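**Student:** have a look; sequence and predicted model below, questions after that.
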Amino acid sequence: MSDDSTVGTRTGDGAGPALPQHPDVALWRTGTRDDIDAIHGVFAAADAVDHPSWVTPREEVADTFDLPHIDHTRDTLIGFAEDGTAIAAGSSFLHPSRDEKYSVHLAGSVHPAWRRRGIGRELFAWQNARAEQQVAEAAAGATVELPTELKTYAEAINVGHQALAASFGFTPERWFATMVRQRSAVPDVTKPDGVEVVAYSSDREDDARTARNDAFRDHWGSLPSTPQGWGKFVGSEFFRADLSRLVVDADGRIIAFCLVTVNHDDWEARGRSNAYIDLIGVVRDRRREGLAPLVISHALRAIADADIDEAILDVDTESPTGANTLYSGLGFVAEERSVALVRRP
């Protein structure tokens, strides 16, 4: 628990929603960088129950403290037990891209040992109120009225999370599947004339971001990646440029990509090595040329050559790009499912 002497200015008095009250929570307060381990501790304990096959990296929590659009002293709430142990943590993050809409992501957990006491409801109520406040603050300085969406994700097995979100007016809008491919022979995919498949290199960072933003512009729930957020992703210790692949045209433009990360903590959770395919995309003017299976097949070979047992990805089961069929055809099999719940004030 932070020993910050300014905690009195960070408790929501005049700066955010009123802090919750709960008999089992000795202290509620907003976060500081000193709380990274406390927040991660809550998430890691919840991961073991909610989705035991993967673990939230500590670095993922830490990275959010370096992003300019996030202020944890206003956007994150932590609940502590009498002995100072963090037992609940949740955040409300307003996406920095605000040209099309205001999109706020609510994420949080209660330590499994402290669940079913109403702590999660108090936490989510605060997050929901903070999200509304963030949108109001952003809209106050805007010249154009934009639509708003508040969004949270729940594992399919976590019916409590889904029921809680529903009680605040969130409704299921999209289902996602985690798909896994065991290491095996990768089918050959014909390469169209005039393109090459190359490994990702750091000098293509902004080009890759541009390609990502174009490829995902018509995907559900997607907003453009900012240079800061993108830099965190491709600059992280988990990103594997050697396993990631790009398709470039004759002019060197990136027209398709398959970007891969490896988190060794997940190896312990699953009991075998795996690589996670974070992003697969094809720029919109080069779709339907077979570039997606091409770039994925090259990444899969790189993963196999690295002696990694599994490749894992998540897919929107209602994606208009037909991704489900594509991945099944490459040998991926669906495992876990999750749902996006959305409220549009």
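**Tutor:** Okay, I see it. Numbering: from 1, shown residues only.
**Student:** ok, which stretches of the stretch 201-345 of the chain are helices?
**Tutor:** 205-215, 227-234, 264-270, 291-305, 323-329 (DSSP state H, counting those that start in this stretch).
**Student:** and the ones you listed, which one averages the lowest pLDDT?
**Tutor:** When the helices of the stretch 201-345 of the chain are ranked by mean pLDDT, helix 323-329 comes last with a mean of 84.
**Student:** I'd like to know which elements it is packed against.
**Tutor:** With contacts taken as 3 or more C-beta pairs under 8 Å, 6 or more residues apart in numbering; DSSP states H and E, helix 323-329 sits against strand 171-182, helix 291-305, strand 310-316. In short, each C-beta sits where N, CA and C put it, glycine included.
**Student:** so which of the ones you listed comes closest to residue 218?
**Tutor:** Closest approach to residue 218 among those is made by strand 310-316 (11.9 Å; C-beta to C-beta).
**Student:** and the average pLDDT for that closest one is what?
**Tutor:** Model confidence over strand 310-316, given as mean pLDDT, is 96.
**Student:** so what touches it?
**Tutor:** Strand 310-316 is contacted by residues 174-183, 219-220, 270, 272-278, 280, 299-300, 303, 323-324, 327, 332, 338 when judged by C-beta atoms under 8 Å, 6 or more residues apart in numbering.
**Student:** any of those residues buried? List them.
**Tutor:** Buried residues within these, counting neighbours by 16 or more other C-beta atoms under 10 Å: 174, 176-181, 183, 270, 273-278, 280, 299-300, 303, 323-324, 327, 332, 338.
**Student:** tell me, how many residues neighbour residue 226?
**Tutor:** Residue 226 has 17 neighbours, counted by other C-beta atoms under 10 Å.
**Student:** what's the nearest residue to residue 186 if we skip its chain neighbours?
**Tutor:** Computed as C-beta to C-beta, 6 or more residues apart in numbering, the closest residue to residue 186 that is not its neighbour in sequence is residue 300, at 4.7 Å.
**Student:** CA atoms only for the helix or strand of the chain with the lowest mean pLDDT - export them in PDB, please.
**Tutor:** Lowest by mean pLDDT, DSSP states H and E among the helices and strands of the chain is helix 323-329, with a mean of 84. Taking C-alpha atoms only, helix 323-329 is exported to PDB below (Å, rounded to 0.1, in the frame of the first residue of the first chain):
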ATOM      1  CA  ALA A 323     -11.400 -15.000 -39.600                       C
ATOM      2  CA  ASN A 324     -13.000 -18.000 -37.800                       C
ATOM      3  CA  THR A 325     -13.000 -20.000 -41.000                       C
ATOM      4  CA  LEU A 326      -9.500 -18.900 -41.900                       C
ATOM      5  CA  TYR A 327      -8.000 -19.900 -38.600                       C
ATOM      6  CA  SER A 328      -9.800 -23.300 -38.500                       C
ATOM      7  CA  GLY A 329      -8.400 -24.000 -42.000                       C
END
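**Student:** where does the residue of the chain most remote from its centre fall, phi/psi-wise?
**Tutor:** The C-alpha centroid of the chain is most remote from residue 193, which lies 35.2 Å away (C-alpha atoms, centre = their mean). In terms of degrees, to the nearest 10, the main-chain angles of residue 193 are phi -60, psi 150.
**Student:** near residue 155, how many residues? Count them for me, please.
**Tutor:** 18.
**Student:** just confirm it contacts residue 161, I think it does.
**Tutor:** Yes - counting by C-beta atoms under 8 Å, residue 161 is a contact partner of residue 155 at 7.2 Å.
**Student:** right, and the helices of the stretch 201-345 of the chain - which one's nearest residue 72?
**Tutor:** helix 227-234 (15.3 Å).
**Student:** the closest one packs against which elements?
**Tutor:** If you count contacts as 3+ C-beta pairs under 8 Å, 6+ apart, helix 227-234 packs onto helix 205-215.
**Student:** where's residue 43, which helix or strand?
**Tutor:** Using DSSP states H and E, residue 43 sits within helix 36-50.
**Student:** buried sites along that helix?
**Tutor:** Using 16+ other C-beta under 10 Å as the test for burial, helix 36-50 gives 36, 38, 39, 40, 41, 42, 43, 44, 45, 46, 47, 50.
**Student:** between those, which is closest to residue 84?
**Tutor:** Nearest to residue 84 among the buried residues of helix 36-50, counting by C-beta to C-beta, is residue 38 at 9.1 Å.
**Student:** with adjacent residues omitted, what lies nearest to that closest one?
**Tutor:** Closest to residue 38 by C-beta to C-beta, 6+ apart is residue 86, at 3.8 Å.
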